[in-house]
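Visitor: With the sequence up front, the predicted model follows.
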Amino acid sequence: MSGDLVGIWEVALSDGVHRIEFEHGTTTGKRVIYVDGKICRGNLFPRQEVLRRDWMFKLVGKETFTVGSTDAKATINIDAVSGFAYEYTLEINGKSLKKYMENRSKVTSTWLLNLDGVDCRVVLEKDTMDIWCNGQKMETAGEFVDDGTETHFTLGDHDCCIKAVSSGRRRDGIIHTLLVDGTEMSEAAE
């Protein structure tokens, strides 16, 4: 591990939680970005270097790269705050990480479960009704039912269904519920 490590962020995307590490050499201008690596939610991921710039004379600026199989646009901003002190901020798809995560909680639902000894992270993208499990986009079959819609898929030997029903209140909108073998799963907060 380099002594130039100045920022670590964890970003929840539909295909998983990604760890972003940023090294900034303030004497050489070196910039290195790593995605994943280390332990994240109990899983060990190989660390991948996605950007390296050595001997940069301009110590402030921004670096843009993509994250995950959905190719989310990520930008690390490097700003001088005083003297040789710097501030590092991460943007995802043009929004600050905080704003991105707040918006994400409105447009996705996430469930964390353990099926047959395997940890599963199921994500529903509400705008497209795409379903992801542990980084893989699932094959689904949707149908209209009396009280809303049902989107069916399988995880291993388990029949799964995400039900979408109206809450009856405009403010709350549509309620999404995951059923695994007919049993309702509780939603996780990310």
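Guide: Structure's in. What do you need?

Visitor: How much space separates the residue lying farthest from the centre of the chain from residue 4?
Guide: Distance from the centre of the chain peaks at residue 83, with 34.4 Å (Cα atoms, centre = their mean). Distance of residue 83 to residue 4, computed by Cβ to Cβ, to the nearest Å: 18 Å. All C-beta spots, glycine's among them, are computed from the backbone N, C-alpha and C.

Visitor: Please enumerate the helices of this structure.
Guide: For the chain, helices defined by DSSP state H occupy the ranges 97-107.

Visitor: helices and strands of it: which one has the lowest mean pLDDT?
Guide: Every helix and strand of the chain was ranked by mean pLDDT, DSSP states H and E. The lowest is strand 39-40, at a mean of 43.

Visitor: Just the angle for the lengthiest strand in the chain relative to helix 97-107, thanks.
Guide: The single longest strand within the chain, with elements called by DSSP state E, is strand 72-82. For strand 72-82 against helix 97-107, the angle by axes from the mean of the first three to the mean of the last three Cα atoms, to 10 degrees is 150 degrees.

Visitor: Can you pull out the low-pLDDT segments for this protein?
Guide: 1-2, 37-46 (pLDDT under 70).

Visitor: For residue 67, give the beta-bridge partners.
Guide: residue 72 (DSSP bridges).

Visitor: That one and residue 13 touch, don't they?
Guide: Yes - between residue 67 and residue 13 there is a contact under Cβ atoms under 8 Å: 6.7 Å.

Visitor: Relative to residue 105, how far out is residue 57?
Guide: Where residue 105 is concerned, residue 57 sits at a distance of 41 Å (Cβ to Cβ).

Visitor: Can you pick out the residue with more neighbours from those two?
Guide: residue 105 (13 against 6; other Cβ atoms under 10 Å).

Visitor: quick one: the more buried one from residue 144, how far?
Guide: 27 Å.

Visitor: next one: residue 81
Guide: Residue 81 is 55 Å from residue 144, by Cβ to Cβ.

Visitor: these two touch, right, residue 153 and residue 142?
Guide: No - Residue 153 is beyond contact range of residue 142, at 9.8 Å (criterion: Cβ under 8 Å).

Visitor: Show me which of those two is the more surrounded one.
Guide: Neighbours per residue (other Cβ under 10 Å) separate residue 153 from residue 142, with residue 153 holding more: 17 against 12.

Visitor: Dig out what the more buried one forms beta bridges with.
Guide: Note on residue 153: beta-bridge partners residue 160, judged by DSSP bridges.

Visitor: next one: residue 119
Guide: residue 114.
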